[in-house]
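> Structure for the following, please:
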Amino acid sequence: MTGRLFDLNTATRWRWRFYLDPWLLMGIAALATFGSLIIYSAADGDATFIEAHWLKLALASLLMIAAAQCPQRWYSNLALLVYLIGLSLLVAVMLFGEISKGAQRWLDFGVFRFQPSEIMKLAMPAALAWLLSQSHLPPKWTTLMLASIMLAIPVALVAKQPDLGTAILIVASGGMVIFFAGLAWRVIAGLLLGVAVAAPIAWNHLHEYQQKRVLTFLNPENDPLGSGYHIIQSKIAIGSGGLEGKGWRNGSQTQLDFLPESHTDFIFSVLAEEWGLIGVSVLLTLYLFVIARGFYIAWQARDSFGRLMAGAITMSFFIYIFINIGMVSGLLPVVGVPLPLISYGGTSLVTLMLGFGMLMSIHAEHKRNPKRSM
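Prediction:
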C-alpha cells in the first residue's frame, strides 16, 4: 500500500534473529554447571565465593552472546586493528605497568586493573587468520615469515612480564592458525628441530623460579615441603579418588587444605579426589563434545578466515585442557593455566567465552547468508 513506511518484505528483512549454536551452548552450560559444583566444594561451601564466580560467569556469558551476534566479517575487518591495539598495550605494560608479586602484567586504570595479554589470546589468531586468508593456501614463505614475526613480538613481550603460561597459550593459538593454513611436513619437522636447538638457549633466559618449576617437574620429591609440595599433594589427591571418589565435599586433601590453589589451577585434583575416575570421565566426555562441535563448525565455515579462526579457537581450548591436566598430574611443569569452565572465573574466563561467541558467529554465517555459495 502506498504511503506505508515499510512493506512486509522489508519487515521480514529487518527482523532481528538471535544467533546461538544450541549444541555448543549445551556443552558449555554442562561444563559450567559441573565447574560450579567443584568450586563450591573447593571453597568449603563459601556462598559468597560461588556467587562471585556466578557473577563473572554471567558477565562472560553475556559477552559470548553479544559476540555471537556480530557478523564474521566484523572480526575479519577488525582483526589487524585489535592486534595492533593489543600490541600497544603490551608495550605500555612494559613501560609503566603495575608490578605485583614480582611480575609486571597489569595496567591500573584506578577503577579497575586490566591484563592486556588476555587480548592477544584472541587477537593473535584473528590477525594471523586475516593475514593468511588474503591469499591462496598453503601460504608462501614470505607470508609465513611475516606471520612468524607477528607471532613472535607479542610472545616476547608477554614472556618478559614474566608470564610463561600466557605466552605459551598465545604461541599455541597463533601457531594453530599457521598449522591449519597448510604446512608441509618438512616445514613442521624443521620447526620442531629449531625448537630442540633453541631449548638450551631458552633455558638460560628463563627466570630462576621458572627453571625451578622445570626441575621440580622432573623430580618433585627432591623438595617435598618446598617447590615440590604442590604437585605431590595434587598427585595424592588424584590417586586417592579411585573409581568413584570420596564424595562431594569429602575430599581430605581439599577440605583439610593440603591442596593449594584448589579452586583455580589445581581444581582438577579436587574433581578427581571427590568424583573419582567416573567424574573425570564425565568431564573429559563433555570436553570432547565441545571440541568436536568446534571442529565441526570449522569444517562447515564458509571461507578461509572462518576455518582458520574456528580451528584455532577449538585447538586453543584443547591446549588449555591438556596443559592444566598435564601439570596437575605431574606430566608437565606447572605454568599457571586454569582448567577451562571449571576453575574459578577471571579474565581468562571472559577470553574463553568471547572465543566461543566468535565460534557461534562463524557458524551463524549459514543463517545470515543462506544463499551464499561455499
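
> Where do the helices of the stretch 1-150 of the chain begin and end?
Counting by DSSP state H, counting those that start in this stretch, the stretch 1-150 of the chain has helices at residues 8-13, 22-42, 47-69, 72-96, 117-132, 141-159.

> Can I get those helices in JSON lines including mean neighbour count, mean pLDDT and distance to Leu107?
To be clear about C-beta, it is placed using only N, CA and C from the backbone, and glycine gets the same treatment. Listed next are these as JSON lines, based on neighbours: other CB atoms under 10 Å; pLDDT from 0 to 100; distance: least, CB to CB, whole Å:
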{"stretch": "helix 8-13", "mean neighbour count": "9", "mean pLDDT": "43", "distance to Leu107": "43"}
{"stretch": "helix 22-42", "mean neighbour count": "19", "mean pLDDT": "92", "distance to Leu107": "28"}
{"stretch": "helix 47-69", "mean neighbour count": "16", "mean pLDDT": "90", "distance to Leu107": "19"}
{"stretch": "helix 72-96", "mean neighbour count": "16", "mean pLDDT": "91", "distance to Leu107": "6"}
{"stretch": "helix 117-132", "mean neighbour count": "26", "mean pLDDT": "91", "distance to Leu107": "11"}
{"stretch": "helix 141-159", "mean neighbour count": "17", "mean pLDDT": "89", "distance to Leu107": "13"}
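
> now those as JSON lines including distance to Gly355?
Below are the helices of the stretch 1-150 of the chain laid out as JSON lines (distance: least, CB to CB, whole Å):
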{"stretch": "helix 8-13", "distance to Gly355": "30"}
{"stretch": "helix 22-42", "distance to Gly355": "11"}
{"stretch": "helix 47-69", "distance to Gly355": "8"}
{"stretch": "helix 72-96", "distance to Gly355": "11"}
{"stretch": "helix 117-132", "distance to Gly355": "6"}
{"stretch": "helix 141-159", "distance to Gly355": "17"}
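
> For Gly228, find the nearest of those.
Smallest distance to Gly228 across the helices of the stretch 1-150 of the chain (CB to CB): 21.5 Å, for helix 22-42.

> Quick one: closest of the helices of the stretch 1-150 of the chain to Ala167.
That would be helix 141-159 among these, by CB to CB, at 4.3 Å.

> how distant is that closest one from the center of its chain?
Put simply, helix 141-159 sits 19 Å off its chain's centre (CA atoms, centre = their mean, to the nearest Å).

> List the contacts of the strand or helix carrying Ala199.
Using DSSP states H and E, the element containing Ala199 is helix 185-205. Residues external to helix 185-205 that are found in contact with it (CB atoms under 8 Å, 6 or more residues apart in numbering): 144, 179, 211, 214.

> what about 7 Å?
By CB atoms under 7 Å, 6 or more residues apart in numbering, the list of residues contacting helix 185-205 from outside reads Gln211.

> What of stretch 33-48?
Residues from elsewhere that reach stretch 33-48 (CB under 7 Å, 6+ apart): 49-50, 53, 248-249, 254-255, 262-263, 267, 270-271, 274, 283, 286, 341-342, 344.

> where do the helices sit along the stretch 151-300 of the chain?
Under DSSP H, counting those that start in this stretch, the stretch 151-300 of the chain gives helices at 164-180, 185-205, 208-218, 229-240, 252-255, 267-300.

> could these go into JSON lines alongside mean pLDDT?
JSON lines is the format used below for these (pLDDT from 0 to 100):
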{"stretch": "helix 164-180", "mean pLDDT": "88"}
{"stretch": "helix 185-205", "mean pLDDT": "73"}
{"stretch": "helix 208-218", "mean pLDDT": "69"}
{"stretch": "helix 229-240", "mean pLDDT": "86"}
{"stretch": "helix 252-255", "mean pLDDT": "79"}
{"stretch": "helix 267-300", "mean pLDDT": "94"}
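
> looking at those, which is closest to Gln115?
Among the helices of the stretch 151-300 of the chain, the nearest to Gln115 by CB to CB is helix 164-180 (8.3 Å).

> Walk me through the domains of this structure.
Here the chain is described, according to automatic domain parsing, as comprising the domains 21-59+208-364, 72-206.

> Endpoints of the longest one, how far apart?
Start to finish, the residues bounding domain 21-59+208-364 are 8 Å apart (CA to CA, to the nearest Å).

> most tightly surrounded among the domains of the chain?
Stretch with highest mean neighbour count among the domains of the chain: domain 21-59+208-364 (a mean of 19; mean count of other CB atoms under 10 Å).

> ok, back up a step: wait, which of the domains of the chain is closest to Ala66?
Closest to Ala66 of the domains of the chain is domain 21-59+208-364 (CB to CB; 6.9 Å).

> Just put the domains of the chain in JSON lines and tack on distance to Ala66.
Shown next, in JSON lines, are those (distance: least, CB to CB, whole Å):
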{"stretch": "domain 21-59+208-364", "distance to Ala66": "7"}
{"stretch": "domain 72-206", "distance to Ala66": "12"}
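
> and the residue nearest to Gly306 when sequence neighbours are not counted, how far is that from Gly355?
Closest residue to Gly306 apart from its sequence neighbours, by CB to CB, 6 or more residues apart in numbering: Ile362 at 4.5 Å. According to CB to CB, to the nearest Å, Ile362 and Gly355 sit 11 Å apart.

> related to what we said a few turns ago, would you put the C-alpha positions of the helix holding Ala199 in CSV?
In CSV, the C-alpha atoms belonging to helix 185-205 read as follows (Å, rounded to 0.1, in the frame of the first residue of the first chain):
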residue,chain,number,x,y,z
TRP,A,185,55.6,-31.9,6.9
ARG,A,186,59.2,-31.0,6.2
VAL,A,187,58.4,-27.5,7.4
ILE,A,188,56.9,-28.9,10.6
ALA,A,189,59.9,-31.1,11.1
GLY,A,190,62.2,-28.1,10.6
LEU,A,191,60.3,-26.1,13.2
LEU,A,192,60.5,-28.9,15.7
LEU,A,193,64.2,-29.2,15.1
GLY,A,194,64.6,-25.5,15.6
VAL,A,195,62.7,-25.7,18.9
ALA,A,196,65.0,-28.5,20.0
VAL,A,197,68.1,-26.5,19.1
ALA,A,198,66.8,-23.3,20.8
ALA,A,199,65.8,-25.1,24.0
PRO,A,200,69.2,-24.8,25.7
ILE,A,201,69.4,-21.1,24.8
ALA,A,202,65.9,-20.5,26.1
TRP,A,203,66.7,-22.3,29.3
ASN,A,204,69.4,-19.7,30.1
HIS,A,205,66.9,-16.9,29.6
